[in-house]
Every structure is written in C-alpha cells, then in structure tokens.
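> I need the structure of the sequence given here:
(one chain, ligands or ions: 1)
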Amino acid sequence: MAKHAGGPGTDAIVVRDLHVRRAHVKVLHGLSLDVPSGRVIGLLGPSGSGKTTLMRSIVGVQVVDSGTITVLGLPAGSAPLRRRVAYVTQQASVYDDLTVRQNLAYFARVLGAPSADVDRVIGRVHLGEYAGRLAGSLSGGQRGRVSLAAALLGQPEVLVLDEPTVGLDPVLRVELWSLFHALAAEGATLLVSSHVMDEAKRCDRLLLMRNGELLADDTVPGVLEATGTDDIEDAFLSLIEHGRPDLRPLGGGAPPPGEAPPAGSAGTGVAP
Ligand SMILES: Nc1ncnc2c1ncn2[C@@H]1O[C@H](COP(=O)(O)OP(=O)(O)OP(=O)(O)O)[C@@H](O)[C@H]1O
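Residues are numbered from 1 along each chain as shown. Alright, predicted model coming up:
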C-alpha cells in the first residue's frame, strides 16, 4: 500500500498561476489547479494543449517562468519528492538489451526499492509471461507497461502518467484503468493524461486543457451538467464554443455584477 502523506480530503498537487514558455513560446498561461489525494485525475486536451508541459512542471523537470507548484506539501522537484513521485513519459524508458525482469531489477536498485518489489510490479502490469524476454523484443504497448512497472517500484504516492494507454488495445486499456483505480484505492494519487476524450469517463475528476489554459476542473457529471451535454467530447466543444463566462468555478464563485448564476452551474468546478 502506498505511503500516503496527504490523506483523503487533502490536495496532493497544488498549482498556482503557473506560466511556462518553451523555446520562447508561451505554453502555459497562468494555470491554477488542485489535484485531490487518492484519486485518478484525467488531464485531457488536444495534442499541443500543454499536458506534457504541465506534467513536466509538476515533476520538477521543466523550467517555469513564474507560479508555484506544491506536491505532497513540498516544492515540485525537491529532493525529498524523488522517491515519492513517479513520472512515466510517452516514450518507454527501458533498456532493450535487458530482459523485463533485469530492467526492473536495475531500476529497483537505483531507487533503493526492495528486490521483492520487482515481481510485485511485474504482476501488477500483467507482464509475468514476458518477464524473461528482452525488452527490445516487446511490442510498444508491452514496453510501455515495463516503464509503468518501473514507476510502481517503491510504491510512490503520486504517479504522473503521460498518455499511458496510447496504442493499447481496448482490453489492455480497461485493465490499466482498473490498475489505476486500485492504486488510488490504496492511497496513491494519479494524474493521467490522454487526448482521447472517451477516457474521461474512467477518471474520478477531469482537468480539461486547451491552448495552455484550463477549461474545466470537475467531475465528469459536473462537466456534463455545466455544459448541458451528455457526452464529454460535446462538453469540450461546448466549452470551446461558449467559453467560460457562462460557467462558475468550484465552490460557487460569484457571478459578474448584475448577472444571475446560470441554471445547473452550482458547485461545478469549471475553471474561472
Ligand atoms: N521542446 C520543445 N520546444 C519548443 N516547444 C515545445 C517543446 N515541447 C513542446 N513544445 C510546444 O509546447 C506546446 C505544448 O506541448 P505539450 O507537449 O505540452 O502538449 P501536449 O498537450 O502534451 O501534446 P500531446 O498530446 O501531443 O503530447 C506545443 O505547442 C508544443 O509545440
């Protein structure tokens, strides 16, 4: 079970007014968000919307212009977080000339995780039958699962996963989402990016991004209710088309002077 510092009801990740440029181009424009502990949070948005940049900032590998990011109560990227936060990039990070088990044994040693953890994580990502295979002989999806297994070594409290289900068949995708929820039930916090809107329904909560800004921060039912849609893709399009003025932030932010709150907007977490 993950050692869970924050506990239910607290925020594992807090981002405030985050501005990031990449190659002199502004990518994130003053993002503020909270990621609650012990939940699976979906970070959704089209390609290029800034999901990876936000994740890189949260794990402390991105130079930021301004703003603050706190993870488990500590500044993002600070040394004590190194073993408490795991990051899986879109490219599988494995050694092709080592077997699956050898890869994980190596990473376990680097992380100082117990060697028994290797078989545990192999089991969790259902790679048992491939444990003795060279990573270089695996499919892209299988290599991705080796990377995910490496991230689970040492039972990190926060998992930041960049498009972990891309290219997987539907059965494997469902298996991974159920693994994510099992990890959350054990106390971990998962921030999972995807550009497939259909995956939204598998998340406890959504962060919808576009052009480096947050369009919504809410549960799936909350986003649907706030937009008057019954499909998350339609909801996303509605947020783009109608913008955010019709929607109120979580906790009932005040409407502009002289304007009544729109019907169905109470309690929604659509970003201000
Ligand atoms: N190394 C880089 N140098 C310059 N610009 C970059 C770099 N990496 C990303 N960008 C730009 O930053 C913006 C956000 O990219 P980012 O990778 O964060 O988006 P994303 O939502 O994760 O996209 P995808 O779903 O395709 O991974 C894009 O316009 C992209 O072109």
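> can you pull the contacts of the residue of the stretch 151-272 of the chain found nearest the ligand?
Nearest residue of the stretch 151-272 of the chain to the ligand, counting by CB to the nearest ligand atom: residue 195, 4.6 Å away. C-beta here means a position set from N, CA and C on the backbone, and glycine is covered the same way. By CB atoms under 8 Å, 6 or more residues apart in numbering, the residues touching residue 195 are 44, 45, 46, 47, 49, 51, 163.
> per-residue pLDDT of it, please?
Looking at residue 195, its pLDDT reads 83.
> follow-up on the earlier one: filter the contacts of residue 195 down to the buried ones, PyMOL style.
Selecting only the buried entries of the contacts of residue 195 in PyMOL, with 16 or more other CB atoms under 10 Å as the criterion:
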select buried, resi 44+45+49+51+163
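> filter the contacts of residue 195 down to just the ones in helices.
residue 51 (DSSP state H).
> let's have the contacts of residue 195 in CSV, adding distance to the ligand.
What follows is the contacts of residue 195, written out as CSV (distance: CB to the nearest ligand atom, whole Å):
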residue, distance to the ligand
44, 9
45, 6
46, 7
47, 3
49, 4
51, 4
163, 6
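> and which of the contacts of residue 195 is nearest residue 186?
Ranked by distance to residue 186 (CB to CB), the contacts of residue 195 are led by residue 163 at 22.9 Å.
> tell me the spacing between that closest one and residue 106.
24 Å (CB to CB, to the nearest Å).
> just residue 133 next, same as before
In terms of CB to CB, residue 133 sits 16 Å off from residue 106.
> show me where this structure has helices.
Using DSSP H, helices in the chain cover 51-59, 100-111, 116-124, 140-152, 170-185, 220-227, 232-242.
> rank those by pLDDT, which is bottom?
helix 232-242 (a mean of 86).
> for it, packing partners?
strand 205-210, strand 213-218, helix 220-227 (3 or more CB pairs under 8 Å, 6 or more residues apart in numbering; DSSP states H and E).
> tell me the buried residues in the longest one?
Think helix 220-227. 220, 222, 223, 224, 225, 226, 227.
> mind putting the residues you listed into a markdown table with distance to residue 236?
Formatted as a markdown table, the buried residues of helix 220-227 follow (distance: CB to CB, whole Å):
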| residue | distance to residue 236 |
| --- | --- |
| 220 | 12 |
| 222 | 14 |
| 223 | 8 |
| 224 | 11 |
| 225 | 14 |
| 226 | 12 |
| 227 | 8 |
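> flag every residue of the stretch 151-272 of the chain that's near the ligand.
residue 195 (CB under 6 Å from any ligand atom).
> wait, what's in contact with the residue lying closest to residue 144 once chain neighbours are set aside?
In space, and not counting its chain neighbours, residue 144 is closest to residue 92: 5.0 Å by CB to CB, 6 or more residues apart in numbering. Counting by CB under 8 Å, 6+ apart, residue 92 makes contact with 140, 143, 144, 146, 147.
> flag every residue of the stretch 1-150 of the chain that's near the ligand.
So the stretch 1-150 of the chain meets the ligand at 22, 23, 25, 27, 45, 47, 48, 49, 50, 51, 52, 53 (CB under 6 Å from any ligand atom).
> how many residues are close by the third one?
It refers to residue 25. 8 (other CB atoms under 10 Å).
> same question, the first one
For residue 22, the tally of surrounding residues (other CB under 10 Å) stands at 14.
> what sits closest to it if chain neighbours are left out?
Here the residue nearest residue 22, using CB to CB, 6+ apart, is residue 53, at 6.3 Å.
> ok, the fifth one next?
The shortest distance from residue 45 to any residue that is not its chain neighbour, by CB to CB, 6+ apart, is 3.4 Å, and that residue is residue 209.
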